[in-house]
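Novice: take a look and give me a structure for this.
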Amino acid sequence: MTDRQKTRERPTQRRAFAQSYGSLLNEGFNRRTLLKGFLATTAVAAMGDAFGVSRAAAATNNASTLTFTELDRVRDAADHWPEGYDRQVLLRWGDAIFPDSPEFDLATLNGAAAERQFGYNNDFTVFLPLPIGSKSNDHGLLLVSHEYASPFLMFPGLTVDDYKEKMTEDQIRAVMASTGVSVVEVKRTGAQWEVVKDGQYNRRIHMGTEMAMSGPAAGDDRLKTKADPTGTVVFGTISNCNGGLTPWGTMLSGEEGAMDVFAGDYKTLANQELVERQGWDEDENDIYAVSRVEPRFKFENEPNEWMKFDWVVEIDPMDPTAKPIKRTALGRMTHEGAQVSVAPDGRVVVFMGDDDDFEYLYRFVTRDKFNPDDRAANKDLLDNGTLSVAQFASDGTMKWIPLVAGEGLLTAEAGFATQADVVLNTRAAADLVGATPMDAPEGFIPHTGTGKLYVAMTENEDRLPAGEDDRESVNVANPRGPNPHGHLLELVPPGAPDKPDHAADAFTWDVFVLCGDPAKPEDESLYHADTTANGWFTDPDNIGVDPAGRIWVTTDGPPPDGMADAVYAMDTEGEGRALPRLFYIPPTGSEACSPTFTSDGTSLFLSVQHPGELRLEDMEDASSMADAGTNWPDFVDTMPARPSLVVLTKRDGGVVGS
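Specialist: Model (predicted):
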């Protein structure tokens, strides 16, 4: 989710650092990668002997496996990519994805038209080869989520101050249909990719799509509404941010920040403690004005409707007729994504980050095993298993604490008589068992080559120095207070690299990168010593892994002056470990999301979200189409900026990045 969409304002005045990371390490974790050859930036020297690493050691020259010419930083109305590469705009908001899709026309755009077109503000993106089970590099499905909409940047004549009152019903319905998920068949012919409009799997899922609810909360009284007295049906999915792909080929889409869509007085809801802990106690919601056409989105009209959102949704891209299913066993929170692996014993493991300040890392391990020979046998695997939350220790270990009703502190007296209580109030359960509060955890991905997991903490301006508050002060996994730049953690499960046990109760962990400017000692950043003035970054968000094992990190600001959100790549092992290089810069006001590759690494797909949200002249929020920072990618005066999905390839047909 873009930082500009997060609802809680953060203070702009920075507090002094009470502790350097070096001193935290010396409190009990002084065997970290820095002492094993990890090469830091000049900030290491600034922190001196606290790290036990000499200036000479930190200055050793190492080499990256990435060979592209690194970009120079730029911030303008266009997008930028390295020499020797081509960039194709494959899909734009409003593009046809069916043979009968209407042409994109703002004057006539309505819900029926938008349901047949590619959605707005694409975020999670994954390439699924066709036929299923193959490793095709030229034919597949793109599974893409559409996180949110900005009506005042979509339609002429609207402004941020008046759009809720001025939008027509057709425009509101179009906005509702432009969010959700797109499933689109694509094929490469020569050097160009194209949409297969008559693809049998093409599909749009949106705020009106009928879905099922399964797992511990399904049928609970708190999910029953006038339209659904069973508590097992919901219409629509909201705020679809990042996600994952299961081993049986279904998409998991994380709902993040659904409160933005609801209207009315949240104080009328029954459980105010849950409302506050879930983060729904906001006065400025209803960002699409949907309550004008759908009364269920107003608290006073349907007091249980809000409980049907902020879940993980499973979507079967191979069956366009199948209802999506909200899997309540995975817990209710501000889901950034849901990345999946298979443990050596065959159980399926889902990793999730709760993308808010001081929230947690979660894991779900299925009760039953994945059956690779029978796809249908896996369809309800995510309904039974163990939800747990991460707790970090300063000795470099971390453990997964089960969130199971009736076990440990999760007693009936504490409000957790059933597992439905746990999954409906997951954050409070995690509070009770002592989970480690994190700095807005977002991207979370298993490395297919090493078995390690990488997780991005985007930032947390509200993190306090040590000793000021037990929950909100610095801790060993979130060592800077405040943390305006974010960082990347590396989690290491037991087991061999080719058979990591992601279902194990205990992992080890490390800091992979502390973001910030290496030229500023006060940032306390940590990278490879050869990181350039163009290569360092802030606010890490999504993470992808290419077939060569390198990680690709997208950022989600607001970035420092003179920078734009961008895409960086770096090695995780070898001499170039943690040496980031700047690869792609989207147009002003936008972020690039969810790097995903063909299996041979020759095509990189990126979603470009919310282009033009910042004005170029002063880098303030745009208030209308007329003052948007860009009208990329069409650059037509009468057209708005259009969120798009791009493909990057090497002109010589080689592996991207190499």
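
Novice: can you name the residues that contact residue 315?
Specialist: Shown in contact with residue 315 (CB atoms under 8 Å, 6 or more residues apart in numbering): 143, 181, 183, 205, 250-253, 322, 324. Backbone N, C-alpha and C define where each C-beta goes, glycine included.

Novice: try it again at 10 Å.
Specialist: Residue 315 sits next to 143, 145, 180-181, 183, 203, 205, 209, 211, 237, 240, 243, 250-253, 322-325 when contact means CB atoms under 10 Å, 6 or more residues apart in numbering.

Novice: buried among those? Need that as a selection in PyMOL.
Specialist: Of the contacts of residue 315, the buried ones go into a single PyMOL selection, burial set by 16 or more other CB atoms under 10 Å:
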select buried, resi 143+145+180+181+183+203+205+209+211+237+240+243+250+251+252+253+324+325
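
Novice: I'd say residue 435 and residue 402 touch.
Specialist: No - at 11.4 Å, residue 435 and residue 402 do not qualify as touching, with contact defined as CB atoms under 10 Å.

Novice: list residues touching both of those two?
Specialist: With CB under 10 Å, 6+ apart, residue 435 and residue 402 have common neighbours 388-389, 429.

Novice: which residues touch stretch 648-658?
Specialist: Taking CB under 10 Å, 6+ apart as the rule, stretch 648-658 contacts 64-68, 81-88, 188, 191-193, 546-548, 550, 552, 567, 569-570, 581, 583-584, 595, 597-598, 600-606, 647.

Novice: how about 8 Å then?
Specialist: 65-68, 81, 84-88, 191, 546-548, 550, 569, 583-584, 597, 600-604, 606.

Novice: again with stretch 276-290
Specialist: Residues contacting stretch 276-290 (CB under 8 Å, 6+ apart): 7-8, 148-149, 151, 163-165, 167, 172, 175-176, 207, 257, 259-264, 266, 269, 272, 275, 297, 306, 310, 332-334, 356, 425, 427-428, 431.

Novice: among these, which are located in helices?
Specialist: Using DSSP state H, 151, 163-165, 172, 175-176, 272, 275, 427-428, 431 are the members of the contacts of stretch 276-290 that sit in helices.

Novice: could I get the contacting residues of residue 415?
Specialist: Per CB under 8 Å, 6+ apart, neighbours of residue 415: 421, 425, 428.

Novice: could you rerun that using 6 Å?
Specialist: Residues near residue 415 by CB atoms under 6 Å, 6 or more residues apart in numbering: none.

Novice: then the one 3 residues further on?
Specialist: Counting by CB under 6 Å, 6+ apart, residue 418 makes contact with residue 405.

Novice: at 8 Å instead, please
Specialist: 216, 405.

Novice: again, but for the one 3 residues further on
Specialist: Residue 421 makes contacts with 405, 415, as judged by CB under 8 Å, 6+ apart.

Novice: you'd agree residue 318 is up against residue 132?
Specialist: Yes - contact criterion CB atoms under 8 Å: residue 318 and residue 132 qualify, at 6.3 Å.

Novice: which residues are in contact with both of these two?
Specialist: In contact with both residue 318 and residue 132: residue 249, using CB under 8 Å, 6+ apart.
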